[in-house]
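Colleague: Build me a structure from this.
(one chain, ligands or ions: 1)
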Amino acid sequence: MAKKLWGGRFKKSIDKDFEEFSKSIQYDYKLAKYDIYHSKIHALALKNSGILTAAESKKIITVLDGILGNIESGDFKFNSTSEDIHTEIQNFLEKKVGKLALKLHTLRSRNDQVVFDAKWFCKFEAVQIICLLNELEKNLQTISRKHKDKAFIGYTHTQRAQVVRFDDYINAYYFMFKRDFQRVSKFFDGLNVYIGAGALAGSSLTKDAYDQAASYLLDKMKELSKIVKPVENSLDNVSDRDFIVEFLSILSIIQMHLSRFSEDMILYSTQEFNYIDLPEEFCTGSSLMPHKKNPDFLELVRGYTGQVNGNLIAVLTTMKGLPLTYNRDMQLDKEPLFSSVEILKNELKIMAKFVKGIKIKEEIIAKALEDECLYATELAEFLVHENVAFKEAHDIVGKLIRYSQDKKVKIREISDKQLRGFHKALNQKEIKKIMTPQYAIKSKKSINRKVLKINA
Ligand code: ARG
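Modeller: Here you go, the predicted structure:
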């Protein structure tokens with residue numbers, strides 16, 4: 001087993017099974033890059049405070065940069081016997097610079113490191129998610145523009161309700177993902193990464209020592225400058241996992257939107273609805289039934305909701321009732337976080353390609369749009385304009401629909417004389433005008449479509 005960052009006060013060595021049980025290197029290696037950033041800032045802060053000489057801090061930073069290069073190129077070999085990523089990097093540094101490495105841990109703690117690393121991870125991944133959402137939004141817009149002004153069947157309770165525009169239907173999802181985009185952006189902007197909390201109580205290094213160290217290093221990483229600030233409340237800092245719960249909540253909302261879209265696509269591509277043809281590249285066949293084209297991608301997306309919501313609940317539950325400040329329970333925040341980020345990135349990437357391939361079956365949609373029930377509301381509104389109270393109009397049209405269903409006759413084909421029996425203002429000419437997709441769509445004037453804008 002690799003060397004630990006603690007041990008002096010122990011007489012007995014750690015139980016092997018417990019040691020294995022407590023390790024996090026198998027997943028927290030994903031934080032390696034950010035842990036190096038922490039170490040570099042800390043080395044400079046120690047230099048600013050006179051604990052390391054300029055030459056010592058330079059030596060440490062040079063080796064850390066070397067490790068960073070190897071991590072970024074994928075050449076860094078993580079020692080799976082290390083307790084965690086912080087131990088691993090410290091041990092590696094010790095191999096390179098010997099005893100000098102032992103000075104780096106002066107006045108810092110893994111409690112401070114781990115929250116720094118996880119926040120930076122969230123910032124980085126938030127940007128990836130923002131880009132992926134943007135791509136999906138763009139592709140949804142392409143589809144909606146392609147089918148601008150086409151009529152579609154709108155549902156409530158999964159029952160035919162009223163005629164809607166197909167572009168509005170697609171844009172309903174665009175709006176959901178746009179809100180997600182805004183949610184992730186706000187999360188990114190509001191997430192402060194702090195330094196100097198120590199184990200929980202802060203450290204004797206000054207705010208300025210940390211501030212200068214962070215600014216000096218981060219100014220070189222242009223887009224990242226000013227991300228890191230001296231800690232404002234060290235107790236809160238080392239025990240805060242709100243940002244993980246918040247990010248996971250946002251990811252769960254995105255997942256919910258993806259799942260709803262998937263369900264719509266699954267439903268509308270069934271032989272029963274048959275409005276949509278799914279892109280074949282995202283479907284699979286059956287090993288037994290030769291005719292099958294199964295929507296497996298969409299089903300997997302819908303299915304992953306279990307894991308993504310589970311990850312949120314796992315962290316919320318882990319955090320519930322934890323006393324201040326850091327507790328080892330909090331190590332268990334990382335797997336759920338990494339899992340949801342990975343799932344969402346894959347889903348968004350594939351979904352952006354998927355939507356480009358959706359085809360609508362116009363003939364079948366046109367046939368469905370002949371259903372007269374879809375125009376019942378418009379017919380009732382017509383009567384309102386003939387001075388009939390809406391509740392009465394609702395009742396009259398309800399009876400008309402019932403009559404047409406019982407007698408198996410289309411409302412469009414009922415004679416004027418019979419129609420007048422329902423209400424004197426009803427006649428075939430008006431009914432044929434009202435019961436069309438064009439009329440239904442044109443009569444809706446409340447929608448402000450000008451707000452549609454794509455995030456560039
Ligand atoms: N692996 C630990 C975690 O993820 C790092 C912090 C350990 N701190 C400690 N005092 N044991 O939370």
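
Colleague: Buried residues, the top helix by length along the chain. List them.
Modeller: Identified as the longest helix of the chain according to DSSP state H is helix 110-146. Within helix 110-146, the residues that count as buried by 16 or more other CB atoms under 10 Å are 110-123, 125-126, 129-130, 132-134, 136-141, 143-144. (C-beta placed from N, C-alpha, C; glycine too.)

Colleague: Which ones among the residues you listed also lie next to the ligand?
Modeller: Checking these against the ligand by CB under 6 Å from any ligand atom, the ones in range are R110, N111, V114.

Colleague: Next, format those as a markdown table and append pLDDT and distance to E335.
Modeller: A markdown table is the format used below for these (pLDDT from 0 to 100; distance: CB to CB, whole Å):
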| residue | pLDDT | distance to E335 |
| --- | --- | --- |
| R110 | 97 | 17 |
| N111 | 98 | 19 |
| V114 | 98 | 14 |
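
Colleague: The ligand contacts on the stretch 51-200 of the chain?
Modeller: D84, R110, N111, V114.

Colleague: Save the residues you listed as TSV, and put in distance to E413 too.
Modeller: Below are those laid out as TSV (distance: CB to CB, whole Å):
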residue	distance to E413
D84	76
R110	79
N111	78
V114	73
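
Colleague: which residues of this structure score low on pLDDT?
Modeller: 222-225, 453-456 (pLDDT under 70).

Colleague: for it, what spans make up the strands?
Modeller: 151-156, 159-165, 193-195, 228-230, 276-277, 359-360 (DSSP state E).

Colleague: report the angle between the axes of the longest one and helix 110-146?
Modeller: Read it as strand 159-165. Using axes from the mean of the first three to the mean of the last three CA atoms, to 10 degrees, the inter-axis angle of strand 159-165 relative to helix 110-146 is 70 degrees.

Colleague: which helices and strands sit right next to strand 159-165?
Modeller: Packing partners of strand 159-165 (3 or more CB pairs under 8 Å, 6 or more residues apart in numbering; DSSP states H and E): strand 151-156, helix 437-442.

Colleague: Flag every buried residue along it.
Modeller: Using 16+ other CB under 10 Å as the test for burial, strand 159-165 gives R160, Q162, V163, V164, R165.

Colleague: Quick check, F116 in contact with I195.
Modeller: Yes - look at F116 against I195 with CB atoms under 8 Å: they come within range, at 6.3 Å.

Colleague: Pull up the gap between V301 and K207, please.
Modeller: From V301 across to K207, the span is 47 Å (CB to CB, to the nearest Å).

Colleague: Common neighbours of F116 and I195, please.
Modeller: H38, V228 (CB atoms under 8 Å, 6 or more residues apart in numbering).

Colleague: before we move on, back to that, can you tell me which of the helices and strands packed on strand 159-165 is packed in deepest?
Modeller: Comparing those by mean neighbour count (mean count of other CB atoms under 10 Å), strand 151-156 comes out on top with a mean of 17.

Colleague: on contacts alone, who are the packing partners of that strand?
Modeller: strand 159-165, helix 166-190, helix 362-368, helix 437-442.

Colleague: quick one, helices of the stretch 201-350 of the chain?
Modeller: In the stretch 201-350 of the chain, the helices defined using DSSP state H, counting those that start in this stretch lie at 207-220, 234-239, 242-268, 296-319, 334-356.

Colleague: Save the ones you listed as CSV, and put in mean neighbour count and distance to the ligand too.
Modeller: Formatted as CSV, those follow (neighbours: other CB atoms under 10 Å; distance: least, CB to the nearest ligand atom, whole Å):
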stretch, mean neighbour count, distance to the ligand
helix 207-220, 18, 20
helix 234-239, 21, 9
helix 242-268, 20, 11
helix 296-319, 18, 11
helix 334-356, 20, 6
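
Colleague: Make a markdown table out of those and add distance to K410.
Modeller: Formatted as a markdown table, those follow (distance: least, CB to CB, whole Å):
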| stretch | distance to K410 |
| --- | --- |
| helix 207-220 | 71 |
| helix 234-239 | 68 |
| helix 242-268 | 25 |
| helix 296-319 | 36 |
| helix 334-356 | 36 |
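
Colleague: What residues does the stretch 351-456 of the chain have near the ligand?
Modeller: By CB under 6 Å from any ligand atom, no residue of the stretch 351-456 of the chain approaches the ligand.

Colleague: Please identify which residue in the stretch 201-350 of the chain comes closest to the ligand.
Modeller: Q331 (3.6 Å; CB to the nearest ligand atom).

Colleague: Which member of the buried residues of strand 159-165 is positioned nearest K292?
Modeller: Among the buried residues of strand 159-165, R160 lies closest to K292 (CB to CB), at 27.2 Å.

Colleague: List the residues that contact the residue nearest to N192 when sequence neighbours are not counted.
Modeller: Closest residue in space to N192, ignoring its immediate chain neighbours: K229 at 5.9 Å, by CB to CB, 6 or more residues apart in numbering. For K229, the contact set (CB under 8 Å, 6+ apart) comprises N192, V193, Y194, I195, D211, A214.

Colleague: what do you get for L136?
Modeller: F177, L348, M351, A352, V355.

Colleague: Give me the nearest residue to it, chain neighbours excluded.
Modeller: Here the residue nearest L136, using CB to CB, 6+ apart, is A352, at 4.3 Å.

Colleague: Who are the contact partners of that neighbour?
Modeller: Applying CB under 8 Å, 6+ apart to A352 gives the contacts L132, E135, L136, K138, N139.

Colleague: rerun at 7 Å
Modeller: L132, E135, L136, N139 (CB atoms under 7 Å, 6 or more residues apart in numbering).

Colleague: do M256 as well
Modeller: T305.

Colleague: which residue packs closest to the residue most central in space within the chain, ignoring adjacent ones?
Modeller: In the chain, the residue lying closest to the centroid (CA atoms, centre = their mean) is L251, at 3.2 Å. Closest residue to L251 in three dimensions, ignoring its sequence neighbours and counting by CB to CB, 6+ apart: S340, at 4.6 Å.

Colleague: Confirm for me that the residue nearest to the centre of the chain is in contact with G310.
Modeller: No - taking contacts as CB atoms under 7 Å, L251 lies outside contact range of G310: 11.8 Å.

Colleague: Would you mark the buried spots in stretch 374-388?
Modeller: For stretch 374-388, by 16+ other CB under 10 Å, it's L374, Y375, A376, T377, E378, L379, A380, E381, F382, L383, V388.

Colleague: For the residue nearest to the first one when sequence neighbours are not counted, list each beta-bridge partner.
Modeller: Just to be clear, that refers to L374. Excluding the flanking residues, the one nearest L374 by CB to CB, 6+ apart is V163, at 5.3 Å. Going by DSSP bridges, V163 is paired in beta bridges with I153.
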